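the sequence and its predicted three-dimensional model are supplied below.
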Amino acid sequence: MSVIQEIPIASPIGRDTPRVDGPLKVTGKAQYTSDFHFPGMLYAVPVEATIANGRVRELDTTAAEKMPGVRAIFHRENIGRIFRSVMEPGMEGICEERRPAFADDVVRYYGQYVALAVADTFETAKAAADAVRATYAKEKPNVETELEADDDPEVIPATFGPHERLQSQRGNPDAAFASALVKIDRTYVTPAETHNPIELHATTAIWDGSTLTLYDSTQGVVNLRSVLAQMFGLPKENVRVITKFVGSGFGGKLFPWTHCALVAAAARQLGKPVKLVLSRKMMFQTVGHRPRTQQRVRLGSTPDGKLVSLQHDYVYHRSMLDGHHEDCGETTPFQYSVPNLRVAFGRAKRNVGAGADMRGPGAVPGLYATESAMNELADELKIDPVRLRVINEPKIDEGLGIPFSSRHMLECLELGVEKFDWSKRTPQVASMKRDGLILGWGMAGCSWIAGRFATEANVELRDDGTTRVACATQDIGTGTYTNLAQLASEKTGVPLDKVEVALGDSSFPKGPLSGGSLATSSLVPAVFQAADNAIASLLVTATTTPGSPFENRKPDEVGFEGGRVFIKADRASGGVPFADLLRRANLRLVTGSGKSEATFGNPEPKFSTHSFGCHFVEVTWQPEIARLRVSRVVTVIDAGRILNPLAGRNQIEGAVVMGIGMALFEHTSYDPQNGAPINSNLADYVVAVNADAPPIEVHFLDFPDKEINEVGARGIGEIGLAGVAAAITAAVHHATGVRVRELPVKLADLLG
Ligand code: MOS
């Protein structure tokens with residue numbers, strides 16, 4: 001009797017996998033956008049408006065133009081034609097600030113580009129930009145921080161289409177609130193925050209006749225291609241966008257900004273490659289920010305904690321031009337069970353640069369408000385905040401009236417309570433102490449969208465035993481190179497170090513934005529189908545090639561597993577490696593294409609697809625020296641199957657650290673005199689750094705969500721940030737007795 005020898009194939013899915021691009025990064029071989037150099041390349045530096053409201057009266061470029069090494073000073077009169085762009089189907093043509101740079105002489109925010117100096121060296125270009133003299137007709141800028149909704153129509157146009165300002169409604173929230181026995185009516189404020197990836201935005205444009213190649217630090221090569229093709233009136237195939245490595249983006253690099261077309265226009269005029277790297281100061285002015293929000297939350301409940309009414313009314317600031325919608329109410333209709341609810345929003349125009357998606361857009365400021373209100377209600381009711389959430393756990397998405405694809409919020413809370421040792425919490429303010437420090441314990445829940453963007457991918461099996469997976473997506477540092485390698489390896493049986501991952505090039509099969517935490521879940525079906533099709537092609541070859549060991553077998557008699565082709569009835573033989581079959585057939589490769597259908601934006605979903613989680617936070621407080629520290633965090637995330645827990649934990653840890661920054665440090669301040677972001681550098685715009693990071697425990701529940709894809713993987717890029725600030729401010733209240741409702745928490749708030 002023969003024993004069938006199963007060769008154990010270790011699936012790379014769900015395994016701690018070090019980044020496949022790690023060695024390139026740590027050896028400095030990874031090329032970020034500004035690392036690319038081209039013969040004859042010129043350098044561009046923009047001239048930034050020094051007013052935030054008014055008109056350019058005169059631009060004196062004479063001195064700048066005379067400087068040795070200066071090639072041109074571009075402005076409205078000589079930049080050439082730049083068209084507008086519109087949104088296209090399939091998540092293309094998206095951009096927040098549609099007005100092409102230099103389109104008129106109106107200045108609407110501080111730092112808006114009014115001219116562009118191009119020179120042989122960066123230093124000369126900078127000196128020339130500084131030498132341009134602009135005079136303005138100046139008006140007082142409006143950067144008022146108190147937000148009152150403008151008189152907008154009930155349906156407003158936004159970047160992704162129209163939005164009803166009455167976002168969600170059920171029951172009779174006013175009457176239910178009026179008659180509720182316990183109520184909370186609070187307003188929470190989150191400041192403007194600025195994306196500060198370490199890699200500055202960079203663009204290099206190269207023209208070859210009517211073909212434009214753009215090296216750009218983007219989170220979406222396909223979208224950037226479509227916007228640029230429109231702005232230069234070109235067919236898409238004449239535009240190629242390359243983004244091999246991105247030094248993070250946080251949403252600031254999701255969509256193109258005005259400098260991208262400006263650089264391409266300058267390169268067109270000069271017939272040379274032109275590079276532009278933004279300064280850190282410009283990063284605060286022209287490439288988006290998380291808008292300031294002011295959110296009123298009203299909760300009504302029974303004395304035993306059952307919600308009877310929830311109202312969430314929010315206003316956010318926006319620029320004079322952009323269509324960014326800061327959807328603070330995204331999670332509100334479904335996070336808790338409540339029969340009477342209303343979510344509505346307004347917007348307030350200010351002389352600031354365009355708002356933009358920033359890690360967990362909408363939901364992150366939104367959950368800060370609603371989760372803080374839940375914590376305040378729990379204190380009012382003298383109910384444990386975890387218990388209050390358990391009491392109000394919904395069975396379905398009550399906003400849409402459809403089931404959740406997979407929601408394990410209660411398990412998240414249960415595990416969080418256990419791992420944090422939450423049952424030891426005593427609710428009285430300042431009642432817990434350790435080593436002479438006052439402890440504060442707080443918690444909050446969170447959620448974030450899940451789904452898929454339309455995605456295509458290609459997989460090749462090659463005669464040297466390697467495989468190549470290609471997709472026009474990009475890795476913004478989150479681990480997409482590694483995820484793609486894992487998916488291709490899983491299907492082809494090729495070990496990770498023999499998988500070539502080709503991404504970051506718009507000429508590859510159309511891939512997803514690195515946005516919305518949707519890239520990974522979008523890639524799964526496309527890559528799996530592509531691999532299946534490549535394998536099917538291999539099996540045809542194996543059964544039809546003269547001299548093949550499988551010649552004249554029917555295709556369904558042969559199988560493929562672990563990189564080998566075998567006769568199904570004779571698994572014991574071990575089969576033949578695919579590379580051997582390809583070599584015998586004199587084939588370098590077989591190839592297959594695959595596709596994922598989009599679910600994001602589906603107007604009639606069957607399931608509500610979200611990830612869920614919770615954070616438990618400990619702070620220490622020393623009133624004698626006014627020292628507040630976040631000392632411990634336990635985070636539990638229900639994000640479906642985790643493809644790479646090593647990178648996944650890292651992703652959540654990073655988000656929690658960002659949440660500490662959000663709660664305690666980050667805010668962009670605008671000068672009421674000239675409208676400039678005042679703290680536009682990394683010394684004055686304080687982000688959480690290593691020394692602020694406490695021990696962070698991350699737990700994943702790992703319930704596969706098969707509605708999303710066959711692996712069951714949702715996304716994890718953003719959810720780790722949602723809720724952190726509410727948990728921290730709750731812990732701060734527990735330690736100090738001070739309820740901070742305007743972020744960030746300032747020591748002055750705590751000193752009373
Ligand atoms: Mo994220 S804000 O969708 O890059």
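Structure received. Numbers count the residues shown, from 1 in each chain.

so what's the residue in the stretch 601-750 of the chain that the ligand sits nearest to closest to, chain neighbours aside?
When scored by C-beta to the nearest ligand atom, the stretch 601-750 of the chain has E718 as its residue closest to the ligand, at 5.9 Å. (C-beta placed from N, C-alpha, C; glycine too.) For E718, ignoring the flanking residues on the chain, the nearest one in space by C-beta to C-beta, 6 or more residues apart in numbering is G360 at 4.1 Å.

hmm, F453 is touching E92, no?
No. Counting by C-beta atoms under 8 Å, F453 stays clear of E92, with 10.5 Å between them.

who's more crowded, the two?
F453 (26 against 22; other C-beta atoms under 10 Å).

give me the neighbour count for the closest residue to the more buried one other than its chain neighbours.
Distances taken as C-beta to C-beta, 6+ apart put P512 closest to F453, at 3.9 Å, once the chain neighbours are dropped. For P512, the neighbour count with other C-beta under 10 Å is 31.

try D702
15.

related to what we said a few turns ago, contacting residues for the residue nearest to F453?
Contacts for P512 (C-beta atoms under 8 Å, 6 or more residues apart in numbering) come out as M91, G220, R452, F453, A454, T455, T473, L518, A519, S522, L523.

how close does the closest residue to the first one other than its chain neighbours get to L518?
This points to M91. The shortest distance from M91 to any non-neighbouring residue, by C-beta to C-beta, 6+ apart, is to F453 (5.6 Å). F453 sits 5 Å away from L518, taking C-beta to C-beta, to the nearest Å as the criterion.

swap in V297?
Computed as C-beta to C-beta, the V297 to L518 distance reads 28 Å.

so the residue of the stretch 601-750 of the chain closest to the ligand lies in a strand, does it not?
No. The assignment for E718, made by DSSP: H, G, I helix; E, B strand; the rest coil, is coil rather than a strand.

confidence score at it?
pLDDT for E718: 98.

ok, now I9?
56.

contacts only, for the residue in the stretch 201-350 of the chain that the ligand sits nearest to.
Closest to the ligand within the stretch 201-350 of the chain is G251: 2.5 Å, counting by C-beta to the nearest ligand atom. Residues counted as contacts of G251 (C-beta under 8 Å, 6+ apart) are H195, Q219, G288, A356, D357, M358, R359, P361, G515.

what do you get for A488?
V459, T467, R468, V469, V494, V499, V501, V527, A531.

what's the closest of the residues you listed to N690?
Relative to N690, the closest of the contacts of A488 is V501; by C-beta to C-beta it sits at 29.8 Å.

which residues does G594 bridge with?
A457 (DSSP bridges).

separation between it and the ligand?
Distance from G594 to the ligand, counting by C-beta to the nearest ligand atom, to the nearest Å: 24 Å.

burial count for that residue?
Other residues close to G594 by other C-beta under 10 Å number 25.

that one contacts V459, correct?
Yes. Using C-beta under 8 Å, G594 is in contact with V459, at 7.3 Å.

between these two, which contacts overlap?
What both G594 and V459 touch, as defined by C-beta under 8 Å, 6+ apart, is the set V527, A530, A531, N533.

please identify the helix or strand for the closest residue to V106 other than its chain neighbours.
The shortest distance from V106 to any non-neighbouring residue, by C-beta to C-beta, 6+ apart, is to R55 (5.8 Å). Assigned by DSSP states H and E, R55 belongs to strand 54-60.

where's the residue of the stretch 201-350 of the chain closest to the ligand relative to A519, distance?
Distance from G251 to A519, by C-beta to C-beta: 13 Å.

again, but for W448
14 Å.

quick one, helices of the stretch 451-600 of the chain?
In the stretch 451-600 of the chain, the helices defined using DSSP state H, counting those that start in this stretch lie at 480-492, 519-544, 578-584.

in contact with the closest residue to I719 other than its chain neighbours, which residues?
In space, and not counting its chain neighbours, I719 is closest to W448: 3.8 Å by C-beta to C-beta, 6+ apart. Shown in contact with W448 (C-beta under 8 Å, 6+ apart): T331, G360, A363, S517, H610, S611, G715, E718, I719, A722.

check whether the fourth one really touches A713, as I assumed.
No. Using C-beta under 8 Å, S517 makes no contact with A713, being 10.8 Å away.

excluding its backbone neighbours, what's nearest P197?
With C-beta to C-beta, 6+ apart, the residue lying closest to P197 is S248, at 3.7 Å.
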